[in-house]
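Visitor: Fold the following.
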Amino acid sequence: MRKTLAREVSEELGVPKSALSIGELFDASVSNFKIQHGKNIPLVLVTFVCKLKGNSFRLTDEHKRFSWVQQKKAAKLLGIKFNASFVSKLSK
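Guide: This is a model prediction of the structure:
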C-alpha cells in the first residue's frame with residue numbers, strides 16, 4: 001500500500017518518490033460517497049501522514065487549485081465530504 005501511495009503522490013505532485021516520506025497510518029474508514037445521479041457508493045478512505053522533502057512541487061491538470069491551511073481549518077473544509085472519524089482526528 002505504501003508503494004502505491006508513494007507512486008500516486010509522486011505523480012500528483014510531480015516529485016520523485018525519493019522526495020517523499022510516508023509515515024504512519026492516520027485513519028481508515030468507510031463512508032458513503034455520492035456520485036453523479038445521486039447514487040451512494042462505499043468509499044474506503046485510508047490516510048497516512050506524509051512529508052515532502054523540500055517545498056517544490058507542481059500540481060497536475062487534475063487540480064483546480066490548492067491552499068495551505070491550518071489543521072483545524074482543513075478539518076472544517078474536509079468535513080463536508082469526509083466522515084466524522086477522519087475529521088475528528090484532523091481537528092486535534
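
Visitor: for this structure, what's the longest strand?
Guide: For the chain, the longest strand by residue count, based on DSSP state E, is strand 20-34.

Visitor: Convert the C-alpha atoms of stretch 16-30 to CSV, please.
Guide: Taking C-alpha atoms only, stretch 16-30 is exported to CSV below (Å, rounded to 0.1, in the frame of the first residue of the first chain):
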residue,chain,number,x,y,z
PRO,A,16,10.4,12.0,-7.3
LYS,A,17,9.4,9.2,-4.9
SER,A,18,12.7,9.8,-3.1
ALA,A,19,11.3,13.2,-2.0
LEU,A,20,8.5,11.6,-0.1
SER,A,21,8.4,10.2,3.4
ILE,A,22,5.4,8.0,4.1
GLY,A,23,4.6,7.9,7.8
GLU,A,24,2.2,6.1,10.0
LEU,A,25,-1.5,5.3,9.3
PHE,A,26,-3.6,8.3,10.3
ASP,A,27,-7.1,7.0,9.8
ALA,A,28,-9.0,4.3,7.8
SER,A,29,-12.8,4.3,7.4
VAL,A,30,-15.7,3.6,5.1
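
Visitor: Which elements pack onto the longest strand of the chain?
Guide: With contacts taken as 3 or more Cβ pairs under 8 Å, 6 or more residues apart in numbering; DSSP states H and E, strand 20-34 sits against helix 2-13, strand 40-52, helix 84-91. Placement of C-beta: from N, CA and C, glycine included.

Visitor: In it, which residues are buried?
Guide: 20, 22, 27 (16 or more other Cβ atoms under 10 Å).

Visitor: Could you point out which of the helices and strands packed on strand 20-34 sits nearest residue 66?
Guide: helix 2-13 (9.9 Å; Cβ to Cβ).

Visitor: Can you name every helix or strand that the closest one contacts?
Guide: Against helix 2-13 (3+ Cβ pairs under 8 Å, 6+ apart) you get strand 20-34, strand 40-52.

Visitor: May I see these organised as CSV, with distance to residue 3 and mean pLDDT added?
Guide: Supplementary listing: the helices and strands packed on helix 2-13 in CSV, determined by distance: least, Cβ to Cβ, whole Å; pLDDT from 0 to 100:
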stretch, distance to residue 3, mean pLDDT
strand 20-34, 9, 84
strand 40-52, 12, 85
